[in-house]
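Trainee: Next comes the sequence, and after it the predicted model I'd like to discuss.
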Amino acid sequence: MEWKLDKDRPICPQLMELIVTGIAGGEYAAGEKLLSVREVALQAGVNPNTVQKAFSEMERDGMIFSRAGSGWFVAEDTGKAVERVETLARTRTEEYVSGMRALRKEDADILRMVEEVCHE
Amino acid sequence: MVKKLFKYEFSAMLKKLLPLFVIVLGTAFLNRIIQFFERDSTTYNILFVSSVVLLVISCVVLLVGTLWISVSRYYKNMFTNEGYLTLSLPVTADQHITTKCVTALACGILSFLVCLFGGMIATSNGIFSEIVKAGWWLLRKFTKTFGAGRTISYSLEVILLLLLSAVKTILVLYACVSLGQLGKRNRNRPAKAVGFFFIYYFAVQVLATAGLIVIAVLDLSGKLEALAEWINLHPHTAANLFLWIGIVWSAGFCILYYWISRHVLTKKLNLE
Amino acid sequence: MSELVRCEKLTKIYDRTVALDHIDLTVENGKIVGLLGPNGSGKTTLIKLLTGLLTPDEGAVLVDGNAPGPETKKVVAYLPDRNFLNTYMKVGEIVQYFEDFYEDFKPERAYRMLEELGIEKDVQLKTLSKGNKEKVALILTMSRDAKLYVLDEPIAGVDPATRDYIIRTIISNYQPEASVLISTHLISDVESVLDEVIFIQNGTILLQKTVDEIREEKGMSVDAMFREVFRW
């Protein structure tokens, strides 16, 4: 897992995004054991407290769960993760479109550019 | 914790002293071996005298070296970069100073014993037993004249005085080193320590001279005669009194010098 | 959450320079805190006051409720910014030294880390490269189960790979109840690891915020904010 993190934004949400994307995309299967908080902290080079916070929040949102002594696992129902990724994708698209409109691009131009880039 | 401090202090000092012990004992043996070839020739005389001189020099080097090693260890351990390690240990300044001083004293006594042993080896051709016999004779004479009780008490007082003088020497040097690290210029700490020692030495001379002048000026000659008579009448009280004055005087200065080092370590520390 | 470090009106004056000017500061346990500021800002003075190598001229500093002394030195693991180990010692000897004086020292941990670096017990410290000497010092410090780790410029003066190693070592030895205080001016390397930062300049605290507060409120990294705050 490539932990590419942006230092301009809080790291905790970024960690969650990366893990949730992994779950939704199938890299982590339902019920699979995740890396420990410490391992993630080491790999990503971040504060273990931040990783703990991220894991706790994802647990609260029902995307992962912990078993005492055994570690963290992907929830059986990966639907929540998929949902979350959809929401994120939607938000990104809205931001993108609004950014393009700020450059005075027409909607038709925007769609055309997106298609071109997709076909590259 | 103090036990551990002693462990490291002793092992560090002994590591440095061991070569010197070997040298002293080596020259003692050399001297003894040369004596086997005793004959009436200039070559022998030259060899013999040289080996004696060598032995004496190595004893002096050992004794002075012991003092030097313990003071430079104090400096290195507390006031150089090593100080960051030493002074972060969960140990009080008192414990640091005391263990170092006690180790220095013990090593001093050990070095003295090694020199004595070296002397024994060099004189083991019969001279040593003569010296021992003479010593016993003196001791018996002393005990017969003054009684066993007085002999023991005098011996103990003298030993106490010697030990305190040794401790005083160690502590005054520690104090000079400690004072040398005051101030903002950190480069000349050893030089400053030496400087403080000269100030101390100079001060002692000045005070002694001043004392003599005072005695002369106040024309205490009349008092001095009365004092001499009193000493003659009560020799033992006088001797004991003077010994104890010496002991208290030394002890007082030991406390002063100890306090100086401790004050610098606890309040004025500024490692660079 | 409890207070591990508390400074009240802490002041230190060298001759005529005020190194620390009536500082008020608290650090809670369980945090990795960055002490950030330019050279001469008072970082090292503050650290030496915390570790008991300096005494305050005014004010007070308390570590775990105690003034600095043998009680606090038992629970504070200090890594100074200079070579403080006796280089004539061998690696095994200095590990034994730490084990002898620090109850919370775990020699197995130290040996494991030394093995990972390929540093042998019988090697004399002075034969090690500068980078390895610093790593050994860090390993010794982090092998203690202290309540407060104080690291003074742990990553200055070493190559980037060593810097990564040092940061990874800090992370992997971190205990959740302990706090770590890292003083540095190389911010971008450490900021992902920090919970909070304290900006200090000319002996006064400019700000103390959580890292997230800075990123959310200002939309910039701590490194960027530092450059802004300390701009000439």
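Mentor: Everything's here; your move.

Trainee: contacts, neighbours, all on C-alpha from now
Mentor: OK.

Trainee: Let me know the secondary structure of the nearest residue to residue C:79 once chain neighbours are set aside.
Mentor: Closest residue to residue C:79 apart from its sequence neighbours, by C-alpha to C-alpha, 6 or more residues apart in numbering or on different chains: residue C:151 at 4.8 Å. Under DSSP: H, G, I helix; E, B strand; the rest coil, residue C:151 falls in the strand class.

Trainee: Tell me which residues touch residue C:151, please.
Mentor: Taking C-alpha atoms under 8 Å, 6 or more residues apart in numbering or on different chains as the contact definition, residue C:151 lies against C:78-81, C:180-183.

Trainee: Repeat the analysis, applying 10 Å as the threshold.
Mentor: C:34-35, C:47, C:77-81, C:138, C:141-142, C:170, C:180-184 (C-alpha atoms under 10 Å, 6 or more residues apart in numbering or on different chains).

Trainee: who's it bridged to?
Mentor: residue C:79, residue C:182 (DSSP bridges).

Trainee: Read off the pLDDT value for it.
Mentor: At residue C:151, the model reports a pLDDT of 95.

Trainee: And the helices in chain C?
Mentor: In chain C, helices defined by DSSP state H lie at C:43-50, C:70-75, C:91-101, C:107-116, C:130-142, C:160-173, C:187-190, C:211-218, C:222-229, listed in chain order.

Trainee: So which residues of the stretch 51-200 of chain B form helices?
Mentor: Listed in chain order, the helices found in the stretch 51-200 of chain B under DSSP state H, counting those that start in this stretch are B:82-86, B:93-122, B:127-146, B:148-180, B:189-217.

Trainee: Show me the domain layout of chain A.
Mentor: Listed by automatic domain parsing, the domain ranges of chain A are A:11-78, A:80-119.

Trainee: Rebuild these as CSV, extending it with mean pLDDT.
Mentor: Below are the domains of chain A laid out as CSV (pLDDT from 0 to 100):
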stretch, mean pLDDT
domain A:11-78, 89
domain A:80-119, 90
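
Trainee: so which of these comes closest to residue C:26?
Mentor: Taking C-alpha to C-alpha, domain A:11-78 is the member of the domains of chain A nearest to residue C:26, at 18.9 Å.

Trainee: Quick one: end-to-end distance for the closest one.
Mentor: 23 Å (C-alpha to C-alpha, to the nearest Å).

Trainee: so the residue nearest the centre of chain A is in which element?
Mentor: Centroid check for chain A by C-alpha atoms, centre = their mean gives residue A:17 as the closest residue, at 1.7 Å. Using DSSP states H and E, residue A:17 maps to helix A:11-24.

Trainee: tilt between that helix and helix C:211-218?
Mentor: 90 degrees (axes from the mean of the first three to the mean of the last three C-alpha atoms, to 10 degrees).

Trainee: After helix A:11-24, which helix or strand is next?
Mentor: Elements were assigned by DSSP H and E; along the chain past helix A:11-24, the next helix or strand is helix A:37-44.

Trainee: which ones are touching residue A:9?
Mentor: Contacts of residue A:9 by C-alpha under 10 Å, 6+ apart are C:211-222.

Trainee: With distance to residue C:107, neighbour count and pLDDT as added columns, please give those in CSV.
Mentor: As requested, the contacts of residue A:9 are exported to CSV (distance: C-alpha to C-alpha, whole Å; neighbours: other C-alpha atoms under 10 Å in any protein chain shown; pLDDT from 0 to 100):
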residue, distance to residue C:107, neighbour count, pLDDT
C:211, 34, 24, 91
C:212, 36, 22, 89
C:213, 38, 13, 89
C:214, 39, 20, 90
C:215, 39, 18, 89
C:216, 42, 13, 88
C:217, 44, 9, 87
C:218, 44, 14, 85
C:219, 43, 16, 86
C:220, 41, 17, 87
C:221, 38, 22, 89
C:222, 36, 27, 90
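
Trainee: before we move on, back to that, just the domains of chain A: most buried one?
Mentor: domain A:11-78 (a mean of 18; mean count of other C-alpha atoms under 10 Å in any protein chain shown).

Trainee: do it and chain C meet?
Mentor: Yes: using C-alpha under 10 Å from any C-alpha of the partner chain, a contact is recorded between domain A:11-78 and chain C, made by A:11-12, A:38-39, A:41-50.

Trainee: just the residues you listed now: which is nearest residue A:101?
Mentor: Nearest member of the residues of domain A:11-78 next to chain C to residue A:101, counting by C-alpha to C-alpha, is residue A:11, at 28.8 Å.

Trainee: From residue C:43, how far out is the residue sitting nearest the centre point of chain C?
Mentor: The centroid of chain C falls nearest to residue C:151 when counting by C-alpha atoms, centre = their mean (1.7 Å). Separation of residue C:151 from residue C:43 (C-alpha to C-alpha) stands at 11 Å.

Trainee: shared neighbours, these two?
Mentor: The contact sets of residue C:151 and residue C:43 overlap at C:35, C:182-184 (C-alpha under 10 Å, 6+ apart).

Trainee: neighbour-wise, which of those leads?
Mentor: Using other C-alpha atoms under 10 Å in any protein chain shown as the neighbour test, those are led by residue C:35, with 27 neighbours.

Trainee: what residues are up against it?
Mentor: By C-alpha under 10 Å, 6+ apart, residue C:35 lies in contact with C:42-44, C:46-47, C:151-153, C:181-185, C:187, C:194, C:196-200, C:205, C:208.
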